[in-house]
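Colleague: how would this look folded up:
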Amino acid sequence: MSEDTAVSTAAASAPAAVVSAVRKFVAAEGGSAKAVIQPIGAAGVRLTLVGAEGGILGDRVVDSVATAEAVVDAVDGLETAEWDRELTSVTNVRPSHWRKMAGWVAHQTRFPKARNTKELD
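Modeller: Purely as a prediction, here's the structure:
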């Protein structure tokens, strides 16, 4: 880690609401989880969570990489990871998350059903 990154990480604070939500997620997943920090442009940085128990997927968006690192540092049992074969193979997306990602399409009645309907039901 460069000196600039360490300084900005030390200066960043973790939003209390995000830390609280991530702590609940980690507790529900057996006390540990992995976090993948992913910049997503002007929207900020996505902190994608993969629970250790069951590999349940969750995510939160924060302002910067430094803020995301501060969240990881503030939550016991949470460690930074990268998308690799091991992590992607244990990731499990709940049907409710599929619906959330599908947005209005998940609840439409006029168009053909989604191809992943079996996963949603």
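
Colleague: what's the closest non-adjacent residue to V36?
Modeller: T48 (4.5 Å; CB to CB, 6 or more residues apart in numbering). Using the backbone N, CA and C atoms, a C-beta is placed for each residue, glycine as well.

Colleague: Could you look up the SS state of that neighbour?
Modeller: Here T48 is strand, with the state taken from DSSP: H, G, I helix; E, B strand; the rest coil.

Colleague: which residues sit in contact with it?
Modeller: By CB atoms under 8 Å, 6 or more residues apart in numbering, T48 lies in contact with 35-36, 38, 57-59.

Colleague: For S20, pull up the helix or strand it's in.
Modeller: helix 16-28 (DSSP states H and E).

Colleague: so what secondary structure elements neighbour that helix?
Modeller: strand 33-39, strand 45-51, strand 57-62, helix 65-74 (3 or more CB pairs under 8 Å, 6 or more residues apart in numbering; DSSP states H and E).

Colleague: wait, doesn't V36 sit right on W83?
Modeller: Yes. If you go by CB atoms under 8 Å, V36 and W83 touch, sitting 5.8 Å apart.

Colleague: which of the two has more neighbours?
Modeller: Per other CB atoms under 10 Å, whichever of V36 and W83 has more neighbours is V36, with 18 against 13.

Colleague: Quick one: residues contacting that one.
Modeller: So V36 contacts 47-48, 50, 80-83, 87 (CB under 8 Å, 6+ apart).

Colleague: which among the residues you listed gets closest to V26?
Modeller: V50 (10.8 Å; CB to CB).

Colleague: Contact partners for that closest one?
Modeller: 33-36, 56-57, 81, 87, 90-91.
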